[in-house]
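**Q** sharing a model prediction with you, sequence too.
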Amino acid sequence: MDIFSNKKYFGKAGIDGQILIAALTIILNLNTTSSKAQPYIDLVYLKFANSPNSGLINQNKNEINIQYYNTGINLPLQFNHKKDAVIFSPYYEKWSSKINNQCRQHYDGIGLPVTLLKTIPNSKWGILLTGILRLNDSSIYAKGRMQIGAAFISSYKKNDNLTWKLGLYINNELFGLFVMPLVGLDWKINEKNNLFGVLPGNLTYEHKISKHLYYGANFRAITNSFAKTSGYWRIDENLLGLYLDTYFTKNLVLNVEAGHSLFRKVRSGVKNISTYDADINDNFYFKIAIAYRVRFAIR
């Protein structure tokens, strides 16, 4: 039996499913300080993105090419009659960048977010608490400083189609303490349209063409830092794009996305002090991903 397609898995009130989706999708994105809620989860995923030195706006700065690779899984363990859960979400990511004619730099990250989600009995409220352990460095074999972070989100189900979210994300980035308030929603506009996300990290519009095809628009804001031999490397990436999801089977999905970066920054520093701004261009980006995805009909 596929527990993710079983309505009992989410409880009779429906809020269990809303919180579980919020928890799992936050886990998928907290490694880059971005978070969202959505009507599906990717239990296993593999992503690759490339941003060549070509764009429409902000082209009078230094040339840059950025590539990104990310893979991971989500493993939920349920308790309290399947209303609550602990979710383990190990992942690996790799960033690489080349500025002008300099040598390409590579940065690796591994992490283990662990989320506790808890429903509030006989109410429309639920909470989730996520702890994140990350190790980001210039090599997967390097022994950099461990980063420890956390997120808290409260969820209020206003009606069957709309849930509001409010929370806070905090992490001891290599450039200093990073704190981000979170405000989000999960809105089923109608049978074919969804709007979901937790800002300032992510906002997604999704339209269903058929059970095999979906398209939409995405905004993502990413902040991440990695240790270097002397100091740290930091990237602030804001992406606005259009995407298409193709379902080859009920659960196997191919995602393609294209768009443009906005106000992108790459910086370096020493001892929590920013000492160098690369002053780089904003460019097009292209992303491809494949995942084992489970969709939900939250009511």
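**A** It's in. Numbers count the residues shown, from 1 in each chain.
**Q** how about the helices of this protein, start to end?
**A** 15-30 (DSSP state H).
**Q** check contacts around the closest residue to residue 72 other than its chain neighbours.
**A** Ranked by C-beta to C-beta, 6 or more residues apart in numbering and with sequence neighbours excluded, the top spatial neighbour of residue 72 is residue 91, at 3.0 Å. Every C-beta, even on glycine, is put in place using the N, C-alpha and C of the backbone. Residues near residue 91 by C-beta atoms under 8 Å, 6 or more residues apart in numbering: 31, 70-73, 110-111, 113.
**Q** and these, which two are furthest apart?
**A** With C-beta to C-beta as the measure, no two of the contacts of residue 91 lie farther apart than 71 and 113, at 14.4 Å.
**Q** those two: which is more packed in?
**A** Legend: neighbour count by other C-beta atoms under 10 Å for residue 71 and residue 113, higher for residue 113 (27 against 16).
**Q** wait, doesn't that one sit right on residue 128?
**A** No: counting by C-beta atoms under 8 Å, residue 113 does not reach residue 128; the two are 11.1 Å apart.
**Q** quick one: mean pLDDT for stretch 109-119?
**A** For stretch 109-119, the mean pLDDT works out to 91.
**Q** and it, how far out from the chain middle?
**A** Its chain's C-alpha centre and that of stretch 109-119 lie 13 Å apart, by C-alpha atoms, centre = their mean, to the nearest Å.
**Q** and for stretch 131-148?
**A** 18 Å.
**Q** now stretch 231-243
**A** Offset of stretch 231-243 from its chain centre (C-alpha atoms, centre = their mean): 12 Å.
**Q** just the buried ones from the contacts of residue 91, in PyMOL syntax?
**A** Under the burial definition 16 or more other C-beta atoms under 10 Å, those of the contacts of residue 91 that qualify are selected in PyMOL by:
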select buried, resi 31+70+71+72+110+111+113
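**Q** in strands only, show me the contacts of residue 91.
**A** 70-73, 110-111, 113 (DSSP state E).
**Q** the residue nearest to residue 259 when sequence neighbours are not counted: neighbour count?
**A** Distances taken as C-beta to C-beta, 6+ apart put residue 241 closest to residue 259, at 2.2 Å, once the chain neighbours are dropped. The number of residues packed near residue 241 is 19, by other C-beta under 10 Å.
**Q** try the one 10 residues further on
**A** Other residues lying near residue 251 total 18 when counted by other C-beta under 10 Å.
**Q** would you enumerate the residues in contact with it?
**A** Applying C-beta under 8 Å, 6+ apart, the residues near residue 251 are 292-294.
**Q** please report phi then psi for it.
**A** phi -120, psi -20 (degrees, to the nearest 10).
**Q** same check, this time on residue 52
**A** phi -70, psi 170.
**Q** where's it relative to residue 148, distance?
**A** 35 Å (C-beta to C-beta, to the nearest Å).
**Q** please name the bridge partners of residue 265.
**A** Per DSSP bridges, the residues bridged to residue 265 are residue 236.
**Q** number of nearby residues for it?
**A** As a burial measure, residue 265 scores 17 neighbours (other C-beta under 10 Å).
**Q** state the distance from it to residue 162.
**A** Taking C-beta to C-beta, one finds residue 265 at 35 Å from residue 162.
**Q** and which of the contacts of residue 251 is nearest residue 258?
**A** Closest approach between the contacts of residue 251 and residue 258, by C-beta to C-beta: residue 293, at 20.0 Å.
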